[in-house]
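J.: Sequence plus the predicted model coming up.
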Amino acid sequence: MTATIEEHLRSIVGAAHFRPASDVDAVRGRQPKFFVEPGSEKELAAVLRASNEMGLSVIPRGGGTKLGWGNPPARADVVLSTTRLNRIVEHVWSDLTVTVEAGCTFQKLSDALAQHGQRLALDPLRPKQATIGGVLSTNDSGALRLRFGALRDLIIGVTIALPDGTLASSGGKVVKNVAGYDLPKLVTGAFGTLGVITRAVFRLHPLPRNSKTLSISGCTLEETQRLLLAVQDSKLAHASLQARFTQAAEPVVDILFEGTDAGIAAQESQLRELAGASSVNFASHAVWSVSQELWKSSDASALVKFSVLPASIGKAMESIHLVANTHQLRWSCVAQATGIGWLRLDGSAENIHASLTLLRSEFGRDSASLVLFHRPPQTPQFDAWGAPGDSLSLMRAVKNQFDPKNTLNPGRFLGGI
């Protein structure tokens, strides 16, 4: 049976792009059997159809930067790589749209768009390795979402391969496109459980003429919360706004202005008035990579993404500080003004587990969420997503409609989907 499967998959992609899976292909402790790297959408769809018919589970993979996110797969038979689907299919710069294959890295796309003074206004983790398909599947975004919206606001079209081998497309190449079912928004953040994204169409924005980052320090936690809300309630046209927290230092607020020199100078003046006695200084653009720095040397750390109301950021930091100190953990955090943040916890696996349990309970009381994307290997089992809520039955119905045999990423998503 194994020989028959190998022969069939090899015949689809060619011998050079099929191999038995190795240890480096393991996904959260599950060892796949085969690694397949199709070179076209049709080949990818054929691999998916064959796997589905033979009862094999499929783990889609792009750059592998987020392969450890979510729960361990219930089964892992075939790793389906999209790295050969890496073309920028069409850049209609006059319409501010681009069509790109899923295996293209975010950095490659950004470099190509910059030649025409444009950008996909997004700042995902590890842009040099992260692929468009992976960024979409995990709904990854950074501080720029405050001004330009999340991925669901930027994607206007998508093509996905369904488990039965169908290539389904939705949306189009124009920004004002509302015809048909909104498949792009559905697959964004679905963790590859509904279909494998093969290409996407995005709306673009011009690159700014100039930009300037300022950091505000000398605030207490309470003052930091007030400042974040005051900036958001002002007439400032900032592109990004975040706050950095650690247990050993005062909070720091970072703000990014984009535009003309005169416009940036006028906004800086307004910001200084809002900041009052707090210190406002020029900062390196590197401060917007702080969330990526949290992932460095993270094997013995827990990395958590949380979402709270913007007015509750200060309260969330108080809870984190209290719980982490009680369990003797080191911690650092960066929170966007939208209420989305990344938290890193360092310490013993047992204490990390106890802290995560308490924090999830605390956040849950305020209708906030806490998702675990990385934990030390020795940490007791901890569900990545938490309680699924009332939407689980609907999500399972959608999953059953798209993937009735549970072929794609089984068990990795919310509620064991």
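T.: Received it, and whenever you're ready, just let me know what you need.
J.: how close does residue 314 get to residue 339?
T.: When distances are taken as C-beta to C-beta, to the nearest Å, residue 314 and residue 339 turn out to be 11 Å apart. Where C-beta positions appear, they are placed from N, C-alpha and C, glycine not excepted.
J.: more neighbours, the two?
T.: Set side by side, residue 314 and residue 339 give different neighbour counts by other C-beta atoms under 10 Å, the larger being at residue 314 (21 against 17).
J.: Averaged pLDDT, the regular element (helix or strand) spanning residue 268. What do you get?
T.: Element membership of residue 268 [criterion: DSSP states H and E] is helix 261-275. If you average the pLDDT over helix 261-275, you get 97.
J.: Repeat that for stretch 212-226.
T.: Summarised as a single mean, pLDDT over stretch 212-226 is 96.
J.: Please apply the same query to stretch 318-336.
T.: For stretch 318-336, the mean per-residue pLDDT is 96.
J.: Between the two ends of that stretch, what distance do you get?
T.: End-to-end distance for stretch 318-336, by C-alpha to C-alpha, to the nearest Å: 16 Å.
J.: Check the offset of it from the chain's centre.
T.: Distance, stretch centre to chain centre, for stretch 318-336: 22 Å (C-alpha atoms, centre = their mean, to the nearest Å).
J.: Check which residues of it are buried.
T.: 319-321, 323-324, 327, 329, 331-336 (16 or more other C-beta atoms under 10 Å).
J.: what's in contact with it?
T.: Applying C-beta atoms under 8 Å, 6 or more residues apart in numbering, the contact partners of stretch 318-336 are 142-143, 145-146, 221, 240-247, 290-291, 294, 313, 316-317, 341-348, 351-352, 354-355, 358-359, 362-363.
J.: which among the residues you listed end up buried?
T.: Neighbour counting with 16+ other C-beta under 10 Å marks 142-143, 145-146, 221, 240-245, 290-291, 294, 313, 316-317, 341-347, 351-352, 354-355, 358-359, 362-363 as buried within the contacts of stretch 318-336.
J.: Could you pick out the longest strand of the chain?
T.: Taking DSSP state E as the criterion, the chain has its longest strand at strand 249-259.
J.: which outside residues touch it?
T.: Where contact means C-beta under 8 Å, 6+ apart, the residues beyond strand 249-259 that reach it are 143, 208-221, 224, 227-228, 231, 236-245, 263-264, 267-268, 271, 283, 287-288, 317.
J.: in the stretch 301-417 of the chain, which spans are strands?
T.: Per DSSP state E, counting those that start in this stretch, the stretch 301-417 of the chain carries strands over the ranges 301-307, 330-336, 340-346, 369-374.
J.: Show me what the third one is packed against.
T.: To tie it back to what came earlier, the one meant is strand 340-346. For strand 340-346, the packing partners by 3 or more C-beta pairs under 8 Å, 6 or more residues apart in numbering; DSSP states H and E come out as strand 301-307, helix 313-326, strand 330-336, helix 349-365.
J.: Adding distance to residue 83, write those out as TSV.
T.: Putting those into TSV (distance: least, C-beta to C-beta, whole Å) gives the following:
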stretch	distance to residue 83
strand 301-307	24
helix 313-326	37
strand 330-336	30
helix 349-365	33
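J.: among the ones you listed, which is nearest residue 14?
T.: Of all those, it is strand 301-307 that lies closest to residue 14, at 37.7 Å by C-beta to C-beta.
J.: Strand partners (parallel or antiparallel) of the closest one?
T.: Sheet pairing for strand 301-307, assigned by DSSP bridges, gives strand 340-346 (antiparallel), strand 369-374 (antiparallel).
J.: Take the ones you listed and lay them out in CSV including mean pLDDT.
T.: Listed next are these as CSV, based on pLDDT from 0 to 100:
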stretch, mean pLDDT
strand 340-346, 96
strand 369-374, 94
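J.: of these, which approaches residue 133 most closely?
T.: strand 369-374 (17.8 Å).
J.: chain center to the closest one, what's the gap?
T.: With C-alpha atoms, centre = their mean as the basis, strand 369-374 stands 12 Å off its chain's centre.
J.: what does stretch 143-151 give?
T.: Computed by C-alpha atoms, centre = their mean, the separation of stretch 143-151 from the middle of its chain amounts to 12 Å.
J.: Would you mind measuring the gap between the ends of that stretch?
T.: Criterion C-alpha to C-alpha; first-to-last residue distance in stretch 143-151 is 12 Å.
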